[in-house]
Every structure is written in C-alpha cells, then in structure tokens.
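S.K.: need the 3D shape of this:
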Amino acid sequence: MYNHAPADYKCPICLGIEAVKSEHTLILPADIVYRDAQAAVIINSFSLGGMTGNALIVPIAHHENMYDLPAETGHYIFELAQKVAIAMKQAYGCDGITTMQCNEPAGGQHAFHYHHHVMQRNEDDNFFERLTQKEIADPGQRAEYARKLGAALQG
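M.R.: Below you'll find the predicted structure:
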C-alpha cells in the first residue's frame, strides 16, 4: 500500500543489516549496534544536521513504510527506540533526543525500508535549521558511536 520503490529496487537497509557488501548500501557491519530476530539498530551512514552518531531502528523483515508495518513490529520498534534513546543519553551525554520517521518521498523518505530515527541533540545545535545538510559520515567515527551505544544498551 502506498509503495514507491521501483520493481528492481535494491534495498540498502536489507543489504546492510545482512552485511552484504554492495554498491547499493553505505551500511557497514561496524555500523550495526544491535540486532535480534525482529529489528536492528544501526548508526546512520549520514550526518544529519551536522550530527554524527544518530541511530536508525529498522525491522529485519522488509516493510517499505509505516503503512505496511505490522502493528506488533511497530510496537516493538517503539520500545526499542525508547531503550536506544536512554542509552544514547548515557553514551553520548547529549542534552536531548529527537525521534523522527518519514513515509513516502513527499514525507521525506529516501530509503524505501521503514526506519525510525533516534537522534542526539544538544542545546543550541541549530539542528532543524541544519537538517537539510546531509553528508556521508566517516566510517571510523560511525564505528566508535556504534561501540559506545552498544555498550550502553547492554549495560
């Protein structure tokens, strides 16, 4: 329902969480913070608003957007988002958290696999003014954020 991925779409999120090296994904194995049978937590390949280390929570099963997402999976992702937000505060020492989820191109969705953003925020970071600034984050920096966030999630 309300799908926009072309028929030959190579899902970068599916490839990334399965650790498939491909020109169609920027996700590296070191970006994976957590994974279970239902969902994965990964460090975003992009710095959004100048902030690196933001997390994406994705279902393991491919669902393009919230319209397709089973309710029980959505509930599980929300519960995981809460745990990730608390762990992010502990790991990064940030002042706050913003969560965001986009659907369809008009809604800002760029990867056609449901993903829930959990983003660190700091006082006066001008995040929303800088949100359209999107650049690929350094893989080494992403790996360090993944390590910190993973340790906080386990602790």
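S.K.: and the gap between residue 82 and residue 4?
M.R.: In this view, residue 82 and residue 4 are 29 Å apart by C-beta to C-beta, to the nearest Å. Any C-beta I mention is one placed from the backbone N, CA and C, and that applies to glycine too.
S.K.: can you give me how far stretch 137-155 is from the chain middle?
M.R.: Relative to the chain's own centre, stretch 137-155 is displaced by 13 Å; criterion: C-alpha atoms, centre = their mean, to the nearest Å.
S.K.: stretch 134-141 too?
M.R.: Per C-alpha atoms, centre = their mean, the centroid offset for stretch 134-141 relative to its chain is 14 Å.
S.K.: may I see the buried residues of it?
M.R.: residue 137 (16 or more other C-beta atoms under 10 Å).
S.K.: pLDDT of stretch 10-19, averaged?
M.R.: Stretch 10-19 carries an average pLDDT of 97.
S.K.: do the same with stretch 75-86
M.R.: Stretch 75-86 comes out at a mean pLDDT of 98.
S.K.: who's in contact with stretch 68-88?
M.R.: For stretch 68-88, contacts defined as C-beta atoms under 8 Å, 6 or more residues apart in numbering pick out 1, 3, 33-34, 38-39, 41, 55, 57, 59, 61, 63, 66, 94, 97, 99, 114, 116, 118, 120, 149, 152-153.
S.K.: and the least confident helix or strand in the chain by mean pLDDT, how far out from the chain middle?
M.R.: Using mean pLDDT, DSSP states H and E, helix 127-130 stands out as the lowest-scoring helix or strand of the chain, at a mean of 82. Distance of helix 127-130 from the chain centroid (C-alpha atoms, centre = their mean) equals 18 Å.
S.K.: could you point out which element follows that helix?
M.R.: For helix 127-130, the following helix or strand on the C-terminal side (DSSP states H and E) is strand 134-136.
S.K.: that following strand packs against which elements?
M.R.: Applying 3 or more C-beta pairs under 8 Å, 6 or more residues apart in numbering; DSSP states H and E, one finds that strand 134-136 contacts strand 46-48.
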